[in-house]
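# let's see this in three dimensions:
(one chain, ligands or ions: 3)
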Amino acid sequence: MTARDETVGPATPATGDRPAVRVALLGCGVVGTEVVRLLTTQAADLAARVGAPLELVGVAVRDVEAERDPVVDRALLTADAEGLVAKADVVVEVVGGIEPARSLLLRAIEHGAAVVTANKALLAEDGPTLYQAADAAGVDLYFEAAVAGAIPLVRPVRESLTGDRVHRVLGIVNGTTNYVLDRMATEGLDLAGAVAEAQALGYAEADPTADVEGFDAAAKAAILASLAFHTRVSLDDVDRQGITSVTADDVAWAGRTGHVIKLLAIAERRAGADGAEGVQVRVHPALVPAEHPLAGVRGAFNAVFVEAEAAGELMFYGRGAGGAPTASAVLGDVVSAARHRVHGGRGPAESWYAALPVLPADAARTRYQVRLEVADRPGVLAQVSAELAEHGVSIEAVRQTPSAEAEDGVAHLVITTHEAPEAALAATVAAIDGLDAVRSVVSVLRVEGA
Ligand SMILES: NC(=O)C1=CN([C@@H]2O[C@H](COP(=O)(O)OP(=O)(O)OC[C@H]3O[C@@H](n4cnc5c(N)ncnc54)[C@H](O)[C@@H]3O)[C@@H](O)[C@H]2O)C=CC1
Ligand SMILES: N[C@@H](CC=O)C(=O)O
Ligand code: NA
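Numbers count the residues shown, from 1 in each chain. Ligands and ions are numbered 1, 2, ... in the order given. Just a heads-up that it's a prediction; the model follows:
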């Protein structure tokens, strides 16, 4: 046997006599319960990967008497979250919302604990406060679960691509709305019916506002934009439109024109009005060509494209929600933070050196599909075309069909434009709406991913 042979063989967990890394869990709902399950069932493997055992020292809950999954040891439950964070090396926050999550995380950091959170709402509203506190205390702040659940996306953008220059991030980051739009397209459901189905399946909450109004996707877009462009971007900087205005008719027409409607989050570098580079971040429903990979993202799945200078186009796909998938991302962060406790080292701090201006919504340039009900008589198309030309919006295609539902003498006009500034398109639509021959502007949807 050679000297080399003696060094190889089955791996032995190198935990030695190292003291356990104490983990505190704040919140024991959908995600928290699955975090406990992984910490419990994977304990030996996690210890081997960290180099020391992970000891769950407590689980802070609102109601210690409530019925829970048997995987949660009731002896660990406490209503004293503040007291718990003072006893931990790593604090995991899966409570959600702004307060008391923010205060608890800040308290944990003050005590010198590394923190792991899945809380996109808090990060998008007040991430810099947490980053600054973590930096001052010299502790880790990890949040892979906050964007696209199980999909490794935060770490690739924050760490793997930090040697490159990201141009654009585009994707589906909300599983609930993707499920709803998918059911509308495949089953012909209306929005309310599809949302009710999503609620019954546990995707949408009883109050589905954060998902259907695009707040959840906008928070994730703000976090991704901050990481990708080394610039502080908050929820308020995101031009946000949810899916509540998407009708069954819009979905059916999308299909007829070779598209599907998806709620997209887009963050990109753009030149502002003064020509200087800035960042534009938006969330809105958009028509995606049926052959585009995003069109094939079904059900509650997420998928995100990242376009970078040297790397080119990267695609990340998987489960963006759900207890177990989200817990997978949380545990990855726990292991990273715990390894630093055991072996030294730090995760990345906030990087906002580029401080690019966040550009207003009208800085965006996209293609559009405008659907109109018009009088079915000679010259109407020419009038509409003239308005588009007047505002510098170039037409890519026009399709005119007598509308099956419309009364006699009314035609349905579907105009697809070339890329146009949002402001020019808005002015064009207002002018078209004012034409006598135009009965109504039925819908205006952006076209992305062509
Ligand atoms: N459920 C999912 O698919 C995903 C959730 N997330 C994020 O993970 C976090 C947790 O989400 P879920 O587990 O789905 O929510 P959840 O509502 O199921 O669980 C939150 C738990 O925290 C408890 N809680 C509230 N205030 C508390 C307090 N002061 N002290 C202790 N416990 C308190 C609640 O009683 C509840 O049991 C949120 O930030 C959410 O945005 C992120 C990705 C996916
Ligand atoms: N509500 C979110 C899940 C958490 O991020 C979604 O539907 O994607
Ligand atoms: Na993720």
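
# so which bits of the stretch 151-300 of the chain are right by ligand 2?
Within the stretch 151-300 of the chain, the positions near ligand 2 by Cβ under 6 Å from any ligand atom are 174, 175, 176, 203, 211, 216. Quick note: C-beta positions are derived from backbone N, CA and C, even for glycine.

# isn't the fifth one right next to residue 199, touching?
Spelled out, that is residue 211. No. In this structure residue 211 lies outside contact range of residue 199 using Cβ atoms under 8 Å: 10.2 Å.

# outline the domain layout of the protein.
Per the TED database, the domain ranges recorded for the chain read 21-149+325-343, 153-320, 364-447.

# so which of the residues of the stretch 151-300 of the chain next to ligand 2 belong to helices?
Counting by DSSP state H, those place 175, 176, 211, 216 in helices.

# just give the nearest non-adjacent residue to the third one, would you?
Sequence neighbours aside, residue 176 is the residue nearest to residue 211 in space, at 3.9 Å (criterion: Cβ to Cβ, 6 or more residues apart in numbering).

# so where does the residue in the stretch 201-350 of the chain that ligand 3 sits nearest to fall, helix or strand?
Closest approach of the stretch 201-350 of the chain to ligand 3 (Cβ to the ion) occurs at residue 329, with a separation of 4.7 Å. Element membership for residue 329 (DSSP states H and E) is helix 323-343.

# quick one: mean pLDDT over that helix.
Mean pLDDT, helix 323-343: 97.

# for the stretch 1-150 of the chain, which residues are neighbours of ligand 3?
144, 148 (Cβ under 5 Å from the ion).

# tell me if the helix holding residue 329 is near ligand 1.
Yes. Residues of helix 323-343 contacting ligand 1 under Cβ under 6 Å from any ligand atom: residue 326.

# switch to numbering from 55
From this message on, residue numbering opens at 55, which makes the last subject helix 377-397.

# other SSEs contacting the next helix or strand after that helix?
Per DSSP H and E, the first helix or strand lying C-terminal to helix 377-397 is strand 419-429. Applying 3 or more Cβ pairs under 8 Å, 6 or more residues apart in numbering; DSSP states H and E, one finds that strand 419-429 makes contact with helix 434-444, strand 464-471, strand 474-475, helix 476-487, strand 492-501.

# which of the ones you listed sits closest to ligand 3?
strand 492-501 (25.5 Å).

# what's next to that closest one, contact-wise?
Strand 492-501 is contacted by residues 301, 303-304, 307-308, 313, 315, 338-343, 420-429, 434, 438, 464, 466, 470, 479, 483, 486-487 when judged by Cβ atoms under 8 Å, 6 or more residues apart in numbering.

# swap in 7 Å and give it another go.
304, 338-341, 420-429, 464, 470, 483, 486-487 (Cβ atoms under 7 Å, 6 or more residues apart in numbering).

# for stretch 282-297, same thing?
In contact with stretch 282-297 (Cβ under 7 Å, 6+ apart) are residues 178-179, 182, 211, 220, 223, 231, 234-235, 266-269, 272-273, 275-276, 279-280, 317, 321, 323, 333, 335-339, 405-410, 412, 415.

# of the residues of the stretch 205-354 of the chain next to ligand 2 - the most surrounded one?
Within these, residue 228 tops the neighbour count with 34 neighbours, counted by other Cβ atoms under 10 Å.

# find the nearest non-adjacent residue to that one, please.
Nearest non-adjacent residue to residue 228, counting by Cβ to Cβ, 6+ apart: residue 271, 4.3 Å away.

# sorry, back to before: against residue 356, how distant is the residue nearest to residue 265?
In this view, residue 230 and residue 356 are 11 Å apart by Cβ to Cβ, to the nearest Å.
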